[in-house]
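Chemist: just coords:
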């Protein structure tokens with residue numbers, strides 16, 4: 001029996017997954033036995049998140065005081081600290097996991113909402129709206145200077161690094177040194193460092209600007225990718241919302257020199273990073289991208305976001321280095337295959353429709369994401385591939401291609417403890433010339449077909465180049481996958497004594513939490529487009545009989561999962577997979 005181990009840790013996740021501030025403490029030595037405090041109503045938690053993250057809200061951290069005679073214009077959100085108010089807030093006051101004290105001179109023209117604390121009002125204090133107090137704390141994680149719901153805090157591990165923050169009523173700035181990105185065989189551990197700024201320009205308008213350097217633990221000065229990279233980004237956003245709606249419009253800009261993954265749509269970044277760091281198994285390929293991009297987006301309502309982006313960058317092949325790993329450190333890394341180097345201009349559009357009730361652990365709702373890109377290059381330097389794999393790429397300045405990706409997910413609760421989740425993913429070549437190597441696809445591995453080996457369907461059987469064969473390069477034009485799973489929660493409740501009524505037993509503070517039983521199946525195929533053996537015309541899909549399919553069974557403890565999967569269309573062995581995040 002073959003085994004594949006994929007571990008998740010936010011240490012190696014992208015930078016915004018910074019250290020979390022949660023109000024619930026989980027005993028790390030016994031993840032199954034937890035103290036279960038009362039939880040906030042879901043609607044209240046979501047309202048607080050939206051209010052705190054709104055572009056019009058002044059965000060503060062820690063103990064805060066506004067003396068008499070002073071005024072804040074607009075909503076104010078304070079997390080992890082008590083608030084002493086003697087002045088005036090022309091808006092709503094939100095306090096997350098702290099107390100609020102309103103002196104006799106205090107005035108709030110809007111509402112006062114306190115989570116995880118109390119409110120003390122002196123005679124003479126004025127509140128124009130409602131005063132709502134919830135003693136239950138809000139469990140959240142930070143995402144930059146914003147916050148996000150964290151219904152299961154033990155799923156995240158704080159990042160390694162340091163951050164110093166300065167906050168005023170109109171601006172927020174911080175200086176960061178932290179791991180950022182994914183451990184990989186090209187750059188080792190990337191360290192990001194530099195300042196981040198956020199300003200409230202005026203009512204309803206916010207501006208963000210970050211200037212970050214990237215230091216790589218492996219690499220050669222003057223080589224590719226070298227020891228240093230950078231990421232400069234800014235965003236101007238206008239908007240807000242009332243009644244639970246979230247609307248906005250904005251523009252953004254990026255300048256970057258960064259190692260970029262190929263096939264990032266499969267396993268999550270942190271899973272790839274931990275598999276590489278622990279077991280020297282890197283399940284992605286990489287190239288270096290240097291360039292700039294501009295982006296405009298509109299969010300007409302909370303579920304829908306539409307974005308348009310124009311990018312111009314240079315894409316460069318890089319080779320695998322030899323970063324240190326915990327196990328198997330004496331063996332060689334898998335080759336990192338070359339790409340079709342050149343300067344690429346890409347015009348892309350993304351439409352996202354998201355009605356999920358929770359982004360981390362959804363139990364209901366839809367997620368539909370469609371991405372269409374059109375790219376062209378006047379100086380591409382293509383690799384020579386057999387005609388049976390790819391028709392020649394023009395080098396006369398006319399090279400152009402388009403690519404589409406569609407990801408549709410449906411989450412449905414079918415019983416108090418049972419859910420059925422469905423996903424359909426289709427993507428790849430849409431038109432124009434053949435795809436470059438860095439845009440090609442494959443199937444096989446822990447996600448989305450855990451019953452098959454890494455890149456089992458990669459369209460690379462006819463490649464003769466030694467590096468391509470050693471790297472098992474992804475070479476398919478299109479991919480189509482369907483995934484379905486049933487999740488049923490298994491709970492065991494235990495408390496002291498056996499004479500208590502059933503309702504008291506359920507409410508016992510000492511509770512043994514059971515896992516989700518996951519029964520799943522996956523089916524799909526990756527293929528080449530065109531005429532000739534092993535190819536399909538552009539207007540046809542693979543026949544059902546040619547699809548790869550597997551069935552499996554697993555246990556999932558809030559993201560940490562143990563799975564067994566067996567291929568049912570080929571003679572593959574039973575495969576065992578450990579993951580620390582949901583399948584999708």
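Modeler: Sure, I can see it. Since this is a predicted model, take the numbers as computed values, not measurements. Residues are numbered from 1 along each chain as shown.
Chemist: and the spatially closest residue to residue 46 that is not a sequence neighbour, what does it touch?
Modeler: Counting by Cβ to Cβ, 6 or more residues apart in numbering, residue 46 lies nearest to residue 149, which is 7.3 Å off, once chain neighbours are set aside. For glycine as for every other residue, the C-beta is placed from the backbone atoms N, C-alpha and C. Residues near residue 149 by Cβ atoms under 8 Å, 6 or more residues apart in numbering: 45, 46, 49, 139, 140, 141, 358, 359, 360.
Chemist: so how far is residue 358 from residue 149?
Modeler: According to Cβ to Cβ, to the nearest Å, residue 149 and residue 358 sit 7 Å apart.
Chemist: what pLDDT does residue 359 get?
Modeler: Looking at residue 359, its pLDDT is 76.
Chemist: Please look at it and residue 148 and confirm they touch.
Modeler: Yes. Between residue 359 and residue 148 there is a contact at 7.4 Å, judged by Cβ atoms under 8 Å.
Chemist: Looking at these two, which is more packed in?
Modeler: Legend: neighbour count by other Cβ atoms under 10 Å for residue 359 and residue 148, higher for residue 148 (17 against 12).
Chemist: Which helix or strand contains that one?
Modeler: In the assignment (DSSP states H and E), residue 148 maps to strand 146-149.
Chemist: and the helix or strand just after that strand, what does it pack onto?
Modeler: Per DSSP H and E, the first helix or strand lying C-terminal to strand 146-149 is strand 161-167. Helices and strands touching strand 161-167, by 3 or more Cβ pairs under 8 Å, 6 or more residues apart in numbering; DSSP states H and E, are strand 58-61, strand 171-179.
Chemist: Pick the most buried one from the ones you listed.
Modeler: For the helices and strands packed on strand 161-167, average neighbour numbers computed from mean count of other Cβ atoms under 10 Å are highest in strand 58-61, which has a mean of 20.
Chemist: Parallel or antiparallel, which strands does that one pair with?
Modeler: Strand 58-61 has its sheet partners listed here by DSSP bridges as strand 76-79 (parallel).
Chemist: Mean confidence (pLDDT) on the helix or strand that comes right after the partner strand, please.
Modeler: Downstream of strand 76-79, the first helix or strand assigned by DSSP H and E is strand 83-85. Across strand 83-85, the average pLDDT comes to 92.
Chemist: Give me the sheet partners of strand 83-85 and which way each runs.
Modeler: strand 64-66 (parallel), strand 100-102 (parallel).
Chemist: ranking those strands by mean pLDDT, which is last?
Modeler: Minimum mean pLDDT among the strands paired with strand 83-85: strand 64-66, a mean of 87.
Chemist: what element comes up after that one heading to the C-terminus?
Modeler: Past strand 64-66, the next helix or strand by DSSP H and E is strand 71-73.
Chemist: How far does that following strand sit from its chain's centre?
Modeler: Relative to the mean C-alpha coordinate of its chain, strand 71-73 is positioned 35 Å out (Cα atoms, centre = their mean, to the nearest Å).
Chemist: what packs against it?
Modeler: Using 3+ Cβ pairs under 8 Å, 6+ apart: strand 71-73 touches strand 88-90.
Chemist: Distance from the chain centre to the helix or strand following the strand it packs on, please.
Modeler: Using DSSP H and E, the helix or strand that follows strand 88-90 in sequence is strand 93-96. Strand 93-96 sits 27 Å away from the centroid of its parent chain (Cα atoms, centre = their mean).
Chemist: ditto for stretch 563-571
Modeler: 28 Å.
Chemist: And for stretch 275-295?
Modeler: For stretch 275-295, the distance to the chain centre is 15 Å (Cα atoms, centre = their mean).
Chemist: With stretch 361-376 instead?
Modeler: Once both centres are worked out by Cα atoms, centre = their mean, stretch 361-376 turns out to sit 13 Å from its chain's centre.
Chemist: which parts of that stretch are buried?
Modeler: 361, 362, 365, 367, 368, 369, 370, 371, 373, 374, 375, 376 (16 or more other Cβ atoms under 10 Å).
Chemist: Also stretch 89-105?
Modeler: Of the residues in stretch 89-105, 89-103, 105 count as buried by neighbour count, 16+ other Cβ under 10 Å.
Chemist: got it, and stretch 419-426?
Modeler: In terms of neighbour count (16+ other Cβ under 10 Å), stretch 419-426 has its buried residues at 419, 421, 423, 424, 425, 426.
Chemist: next SSE after the lowest-mean-pLDDT helix or strand in the chain?
Modeler: One helix or strand of the chain scores below all others by mean pLDDT, DSSP states H and E: strand 33-35, with a mean of 30. Next helix or strand after strand 33-35 toward the C-terminus (DSSP H and E): helix 42-53.
Chemist: Using neighbour counts, pick out the buried residues of that following helix.
Modeler: Under 16+ other Cβ under 10 Å, the buried positions of helix 42-53 are 44, 45, 46, 47, 48, 49, 50, 51, 52, 53.
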